[in-house]
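Peer 1: here you go, sequence then predicted model.
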Amino acid sequence: MKKLIIISGPMGVGKTTTGKILCEMLGRTAFIDGDWCIDIHPFIGNKETKEMAINNIIHMTRNYYNCSECENIVLSWVMSENSINRIISELSNLEVKIHVITLICDKESLIDRWNKDLTTEWRIDEWLQQSIESLEDYSCRAGTILINTSNTPLCDVADEIFEALI
């Protein structure tokens, strides 16, 4: 049975890097970064564009599911519980095992990762503050594998997810 691994958490926690490492470990794995599904310039994050992004994620996931070369799909994005539930509901007719992972970290680790990521143009103080404020919301999610990435190399986080999938 194919697997869909949904990795969520606040901005800067290490979702994309962990997801890409996990793809390499699993092999025959498609990677979807939710940011690709809402890549509008200038960025507009409102109800309409978030709805479009979720629809794009669902569409891409279905296409990868239908591809015989893909055994696994890793989806990485900042998602509310409602968004995750909607994605799961829309994909409920597929024969796929869904694993929901939430990455969290402490404030100091988040700030450190944020400041080291020089390649992402939107890593600005306003978004950092929003991410810090969301840390508590992510730390109490039910029905998810919760992994704390504080002071942990992301390759070790990917190992932990890999072990949980077996």
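Peer 2: Alright, I've got the coordinates.
Peer 1: for residue 5, give me phi and psi.
Peer 2: phi -110, psi 110 (degrees, to the nearest 10).
Peer 1: can you show me the strands along the protein?
Peer 2: 2-8, 29-33, 72-76, 96-104, 145-148 (DSSP state E).
Peer 1: low pLDDT regions in this structure?
Peer 2: In the predicted model of the chain, residues 118, 121-122 satisfy pLDDT under 70.
Peer 1: what are the ranges of the helices in it?
Peer 2: 15-26, 47-66, 81-90, 107-116, 125-138, 154-165 (DSSP state H).
Peer 1: before we move on, the earlier item: can you list the strands of the chain in JSON lines and add distance to residue 124 and mean neighbour count?
Peer 2: Quick note: C-beta positions are derived from backbone N, CA and C, even for glycine. What follows is the strands of the chain, written out as JSON lines (distance: least, CB to CB, whole Å; neighbours: other CB atoms under 10 Å):
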{"stretch": "strand 2-8", "distance to residue 124": "21", "mean neighbour count": "23"}
{"stretch": "strand 29-33", "distance to residue 124": "19", "mean neighbour count": "19"}
{"stretch": "strand 72-76", "distance to residue 124": "20", "mean neighbour count": "26"}
{"stretch": "strand 96-104", "distance to residue 124": "21", "mean neighbour count": "20"}
{"stretch": "strand 145-148", "distance to residue 124": "25", "mean neighbour count": "17"}
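Peer 1: show me the contacts for the spatially most distant residue from the centre of the chain.
Peer 2: In the chain, the greatest distance from the average C-alpha position (CA atoms, centre = their mean) is reached by residue 68, at 23.2 Å. Residues counted as contacts of residue 68 (CB atoms under 8 Å, 6 or more residues apart in numbering): none.
Peer 1: skipping adjacent residues, who's closest to the residue nearest the centre of the chain in space?
Peer 2: Centroid-nearest residue in the chain, with CA atoms, centre = their mean: residue 76, separated by 2.2 Å. Distances taken as CB to CB, 6 or more residues apart in numbering place residue 19 nearest to residue 76, at 3.9 Å, with adjacent residues excluded.
Peer 1: equivalent analysis for residue 128, please.
Peer 2: Nearest residue to residue 128 in three dimensions, chain neighbours excluded: residue 114, at 5.2 Å (CB to CB, 6+ apart).
Peer 1: correct me, but that neighbour touches residue 123?
Peer 2: Yes - in this structure, residue 114 is within contact of residue 123 by CB atoms under 8 Å, at 5.8 Å.
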